[in-house]
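Undergrad: Sequence first, predicted coordinates after that:
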Amino acid sequence: MRKAIVAGNWKMNTTLEDAALIIGTLVQLQAPKSDVERVIIPPFPWIVPLQQPVLDGGFMLGAQNCAVEDQGAFTGEVSASMLASFCTYVIAGHSERRHLFGETDDVVRGKLLAILRNGMYPILCVGELLDERDAGQAFEVVDRQLVAALKGSSKESLSELVIAYEPVWAIGTGRAATPDDAQQMAAHIRDTVASLFDIGFAQSIRIQYGGSVNETNAGAILSLPDVDGALVGGASLKAETFSRIIDAVGSRRS
Ligand code: PEP
């Protein structure tokens, strides 16, 4: 059985004081859990000061982005090799990186390789724009992103891969995908991964849904057969809400 994974992407939000308070409250609210990995993905500067409280509280730490290269004259970049002492997970290809900062499929692949090369686990984000969904191209777009990111890597190197299906129109909009749409795309992603590697590997990787997950819709989303967790933005900034989303994993597999 795939272990559930719920990750909170704080984006460019919180002061250090806010961040410490969220973690402190979450740790108080959350009983130890063996059925779900809980990941906090704060802004870069909070990774070091939060490391101890996050780990002590039974959570894992992730980063929102990383550079393609490991070191050098790349002003403003943070490399995967720098993150490796602190983080377990790194997001690659978040839609805000793709669409606001022009990250191409090739760049996303470079970041995925940097994460793997440095011994961390990628959360690879894929998802279509609203126009693409309306034009019936959602599967095609997601397949293009998957193939571009994964082609050429071995399944051994990708053994801890997490794929987050995040339809762009659902991120930060309050309009989540329906459970049917989320399940359909998650199953499709598994089929595509199976065609790139094999069915056993496709069944072993974890797929998250992301896009306006909240405490009301989390139960339905987290009980979908091909959805193994959630990537949560806005709702992860409120400890009580994020805690209830994590607890919704309990409603998952019977
Ligand atoms: C995200 O940042 O990946 C995300 C899904 O954001 P939100 O939950 O706010 O839609």
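TA: That came in fine, so what should we check first? Numbers count the residues shown, from 1 in each chain.
Undergrad: gap between the residue in the stretch 1-150 of the chain positioned nearest to the ligand and Ala230?
TA: Nearest to the ligand, among the residues of the stretch 1-150 of the chain, is Asn9, at 4.3 Å (Cβ to the nearest ligand atom). No exception for glycine: its C-beta is placed from N, CA and C like everyone else's. Distance, Asn9 to Ala230, using Cβ to Cβ, to the nearest Å: 10 Å.
Undergrad: quick one, which of these two is more surrounded?
TA: Higher neighbour count among Asn9 and Ala230: Ala230, with 30 against 26, using other Cβ atoms under 10 Å.
Undergrad: what's the closest non-adjacent residue to the more buried one?
TA: Val213 (4.6 Å; Cβ to Cβ, 6 or more residues apart in numbering).
Undergrad: I'd say the residue of the stretch 1-150 of the chain closest to the ligand and Gly234 touch.
TA: No. Checked against Cβ atoms under 8 Å, the pair Asn9 and Gly234 is beyond contact range at 9.3 Å.
Undergrad: now the helices: where do they sit in the stretch 151-254 of the chain?
TA: For the stretch 151-254 of the chain, the helices defined by DSSP state H, counting those that start in this stretch cover 179-196, 199-204, 218-222, 239-247.
Undergrad: Would you pull up how far stretch 63-75 lies from the middle of the chain?
TA: Centre-to-centre, stretch 63-75 and its host chain are 19 Å apart (Cα atoms, centre = their mean, to the nearest Å).
Undergrad: What lies in contact with it?
TA: Identification of contacts with stretch 63-75 by Cβ atoms under 8 Å, 6 or more residues apart in numbering yields 9-11, 41, 43-44, 47, 77-81, 83, 86-87, 89-92, 94, 97, 107, 110-111, 113-115, 117-118.
Undergrad: distance of the residue in the stretch 101-250 of the chain that the ligand sits nearest to from Ile22?
TA: Closest to the ligand within the stretch 101-250 of the chain is Gly233: 2.1 Å, counting by Cβ to the nearest ligand atom. The gap separating Gly233 from Ile22 is 14 Å, by Cβ to Cβ.
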